[in-house]
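**Q** quick one, structure for this:
(one chain, ligands or ions: 2)
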Amino acid sequence: MIIAIDGPAASGKGTLARRVAEAMDYAYLDTGLLYRATGAKVLAENGDPADEAAAVAAAENLSASDLEGEALRSEEVGTAASKVAAIPRVREVLLDFQRTLATTPPGGKRGAVLDGRDIGTVVCPEAPIKFYLTASVEERANRRFKQLQEKNPAAIYERVLKELEERDARDSARDVAPLKMADDAIHIDTDRLNANAVFDAVMAHIHTHMGADD
Ligand SMILES: Nc1ncnc2c1ncn2[C@@H]1O[C@H](COP(=O)(O)OP(=O)(O)O)[C@@H](O)[C@H]1O
Ligand SMILES: Nc1ccn([C@@H]2O[C@H](COP(=O)(O)OP(=O)(O)O)[C@@H](O)[C@H]2O)c(=O)n1
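**A** Ligands and ions are numbered 1, 2, ... in the order given. Have a look, this model is predicted:
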């Protein structure tokens, strides 16, 4: 069983996906981390994340240790991630790993939860359960700002808002696997729902779906 969770930056995908995976005892993959690690690797080598050769080499040489560390969570790395993510060959390189984890989850788990931008449309179009989370850009910037402020009191709301707007625009406008709701996804507007309410709504959908399958 594959559960796909997509949506724009800071819409609450990771928070939800982690909880759903735990509740279902499924594997969890934060696919954004693959793009963030690729972007961070290019930056670490003083390269340009928009440079195809540098980005592809970084994606091809990712190792497990590249996926660790709080530094990956910065907005600077988020911006680099969305630049490497617009390069078709980079997406191709990262696709196999995502599909393999989804279809043969590690640890003998019976299913997997993946979150990202194109899980329901490209990585796992066959997933029987798909969610698409949204919230206004101001609400998302507020969430991300609070998150960043916990680690860096000097974070600036206006800057976070601008970076999210630019990233949304880049992710939606790219030719390959743009941020887009799958036709068969369930849309959840989280503007006025806290994380618990989103989780409850999603679990109710999952139980209804799985009940229907029995
Ligand atoms: N429904 C919600 N309402 C308010 N805050 C939320 C909600 N869902 C998640 N958050 C908070 O918003 C921030 C961004 O959530 P996260 O799961 O990292 O988003 P994404 O994975 O989409 O970037 C986190 O600090 C998280 O605790
Ligand atoms: N499946 C995915 C996941 C992330 N990405 C890219 O990677 C960037 C970082 O993704 P993320 O999920 O970590 O970002 P946040 O939503 O956590 O801010 C996004 O802005 C996208 O450009 C993608 O293209 N496809």
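**Q** from now on I want contacts and neighbour counts done on CA atoms only, so please keep to that.
**A** Noted.
**Q** how far off centre is the helix or strand harbouring Val42?
**A** Assigned by DSSP states H and E, Val42 belongs to helix 32-44. Distance of helix 32-44 from the chain centroid (Cα atoms, centre = their mean, to the nearest Å) equals 13 Å.
**Q** my guess is Thr121 contacts Leu179, does it?
**A** No - using Cα atoms under 8 Å, Thr121 makes no contact with Leu179, being 9.0 Å away.
**Q** residues touching Asp48, list them.
**A** By Cα atoms under 8 Å, 6 or more residues apart in numbering, Asp48 lies in contact with Val42, Ala54.
**Q** low-scoring stretches of the protein, by residue?
**A** For the chain, residues meeting the criterion pLDDT under 70 lie at 212-214.
**Q** where is the longest helix in it?
**A** helix 195-213 (DSSP state H).
**Q** hmm, it in reach of ligand 1?
**A** Yes - between helix 195-213 and ligand 1, judged by Cα under 6 Å from any ligand atom, the touching residues are Ala195, Val198.
**Q** what about the closest residue in space to Lys109 that isn't next to it in sequence, distance to Thr134?
**A** Nearest residue to Lys109, sequence neighbours excluded (Cα to Cα, 6 or more residues apart in numbering): Tyr26, at 5.5 Å. From Tyr26 over to Thr134 the distance is 24 Å, taken as Cα to Cα, to the nearest Å.
**Q** what's the answer for His205, then?
**A** 17 Å.
**Q** for Asp51, same thing?
**A** Distance from Asp51 to Thr134, counting by Cα to Cα: 30 Å.
**Q** ditto for Gly12
**A** For Gly12, the distance to Thr134 (Cα to Cα) stands at 8 Å.
**Q** show me what contacts the residue nearest to Lys109?
**A** Val20, Pro105, Lys109, Arg110, Gly111, Ala112, Val113.
**Q** which one of the residues you listed sits closest to ligand 2?
**A** Val113 (12.2 Å; Cα to the nearest ligand atom).
**Q** the closest one contacts Val20, doesn't it?
**A** Yes - under the criterion of Cα under 8 Å, Val113 makes contact with Val20 at 7.5 Å.
**Q** give me the more crowded residue out of the two.
**A** Under the neighbour definition other Cα atoms under 10 Å, Val113 and Val20 were set side by side, and Val113 has more, 30 against 22.
**Q** which strands and helices lie in contact with the strand or helix carrying the more buried one?
**A** If you go by DSSP H and E, Val113 is part of strand 112-116. Contact partners of strand 112-116 among helices and strands, from 3 or more Cα pairs under 8 Å, 6 or more residues apart in numbering; DSSP states H and E: strand 2-6, helix 13-24, strand 27-30, helix 88-103.
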